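Enquirer: coords please:
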Amino acid sequence: MADLRKLAEFGRRVYTRLFPHLDVERALPDLIRQEARARGRPAVLSVAEAVAAQGKRLVPWAMLYDLPVGSEPDTYQVCESVYRFGPGGEGGPPPAHCPFPHPQPTNVLCLFGFWGLSCELEQPPTGDRDPATVVTETDPPASVLLAAGSDLEPEITVRHVSALRAALGAAAVASPTIDSSTALAHALAGESMDVAYLYCHCGYRQTSDREPPSSYLVFGGGHVDPLDVDAWTYAPWPSRHWATRRPLVVLNGCHTVDVTSGTLGNFVEAFVRRAGAAGMIGTEVAVEQGLASLFMESFLARFMRGATAGDALRRARWDLVARGNVTGLAYTPYCLAGLRIRPARLPAQDVVERTEP
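Expert: Got it, this is the predicted structure:
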């Protein structure tokens, strides 16, 4: 509870910095909740790329807290939502908005105050093409390519792979041996997966005090830099890589370092703009391998069965909240919230046959 209180204070400080105009600060939460009540589903918030004089600016959008609170977290009144959906609660699917009245207008700790829990967020990369709404229009069997780094904790990795195969089907999860950047390049060469899941350590290096840090993925004894991904688009990948089946790339690490938008953004540009992915999901802070595994098991179970990326991410965050953890708020979707594996199919009773008069 203490961590949740502190996170609310942090999220509110960021919120007030982003929206210094009082009218906007007060109007946004009302609009978000009005949208959820009117439509019976969470509001979708689309985030444009923020650029500052120093370069891209990282904003932890999912951690924003839009309810007014002061600087003493210990004084916050706890909303019933924390007990209902937190550890020891009844659980179940979270509603579109908080179903409980707040005891006072300020200093309330409510799970629905966090944007990552109350809304479906999307941060589609800019580029020269429209953001993808589906991985592919065709209907091959759904598939995940799980590229795991060999230096991860092996027992957790084995359990994670087994859990994914049990949930999605053994044939749906390919897990080749990845012990070098060359092996990863060849694993990602074809159009055989709907999710390219890179489960590994991530680090960064800084070549100059004036340059943002450059991030890299760790596979065996080799490092994979965004420049490497760019080089793969020339060889060994074909010239029109992922042309018809554009997977969602997931970067999930057990010790992902605190990255800036300059570092994570470089991988977004490399995989989405250059390699042709439909989008990317990455972490913004350090995450522990076990929690990272649980979160992705929850997300992939829903996404691979047809849920949108936004809905699957929001529900996976709530799943971790039920375990007493808010790590899910650290995952950022660089894609449309409505991205799906396949186009949504209308139920037979909803299909209207048109005939000539």
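Enquirer: From now on I want contacts and neighbour counts done on CA atoms only, so please keep to that.
Expert: Fine.
Enquirer: Now do the contacts for residue 185.
Expert: By Cα atoms under 8 Å, 6 or more residues apart in numbering, the contact set of residue 185 is 229, 232, 236-237.
Enquirer: Recalculate using a threshold of 6 Å.
Expert: Residues in contact with residue 185 (Cα atoms under 6 Å, 6 or more residues apart in numbering): none are found.
Enquirer: tell me the helices in the stretch 51-200 of the chain, going along the chain?
Expert: Along the stretch 51-200 of the chain, the segments classed as helices by DSSP state H, counting those that start in this stretch run 80-85, 115-118, 154-168, 181-187.
Enquirer: Reformat these as a markdown table; add mean pLDDT and distance to residue 331.
Expert: Shown next, in a markdown table, are these (pLDDT from 0 to 100; distance: least, Cα to Cα, whole Å):
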| stretch | mean pLDDT | distance to residue 331 |
| --- | --- | --- |
| helix 80-85 | 94 | 20 |
| helix 115-118 | 96 | 9 |
| helix 154-168 | 95 | 18 |
| helix 181-187 | 94 | 23 |
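Enquirer: To residue 42, which of those lies closest?
Expert: Closest to residue 42 of the helices of the stretch 51-200 of the chain is helix 115-118 (Cα to Cα; 6.4 Å).
Enquirer: Outside of that closest one itself, list whatever touches it.
Expert: With contact meaning Cα under 6 Å, 6+ apart, helix 115-118 is reached by 62, 64, 112, 314, 329.
Enquirer: Can you give the distance from stretch 151-159 to the centre of its chain?
Expert: How far stretch 151-159 lies from its chain's middle: 22 Å, per Cα atoms, centre = their mean, to the nearest Å.
Enquirer: Can you point out the buried residues in it?
Expert: For stretch 151-159, the neighbour count (16 or more other Cα atoms under 10 Å) marks 152, 157 as buried.
Enquirer: Kindly format the C-alpha coordinates of it as PDB.
Expert: Coordinates of each C-alpha in stretch 151-159 appear next as PDB, following Å, rounded to 0.1, in the frame of the first residue of the first chain:
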ATOM      1  CA  ASP A 151      22.000 -15.600 -19.700                       C
ATOM      2  CA  LEU A 152      18.600 -15.400 -18.100                       C
ATOM      3  CA  GLU A 153      17.700 -17.400 -15.000                       C
ATOM      4  CA  PRO A 154      17.200 -20.800 -16.600                       C
ATOM      5  CA  GLU A 155      14.500 -22.100 -14.200                       C
ATOM      6  CA  ILE A 156      12.300 -19.100 -14.700                       C
ATOM      7  CA  THR A 157      12.800 -19.300 -18.400                       C
ATOM      8  CA  VAL A 158      11.800 -22.900 -18.600                       C
ATOM      9  CA  ARG A 159       8.700 -22.300 -16.500                       C
END
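Enquirer: Next, the residue nearest to residue 105 when sequence neighbours are not counted: phi, psi?
Expert: Of all residues not flanking residue 105 in the chain, residue 68 sits nearest, at 7.8 Å (Cα to Cα, 6 or more residues apart in numbering). Residue 68 adopts backbone torsions of phi -70, psi 120, taken as degrees, to the nearest 10.
Enquirer: Good, we can wrap up now.
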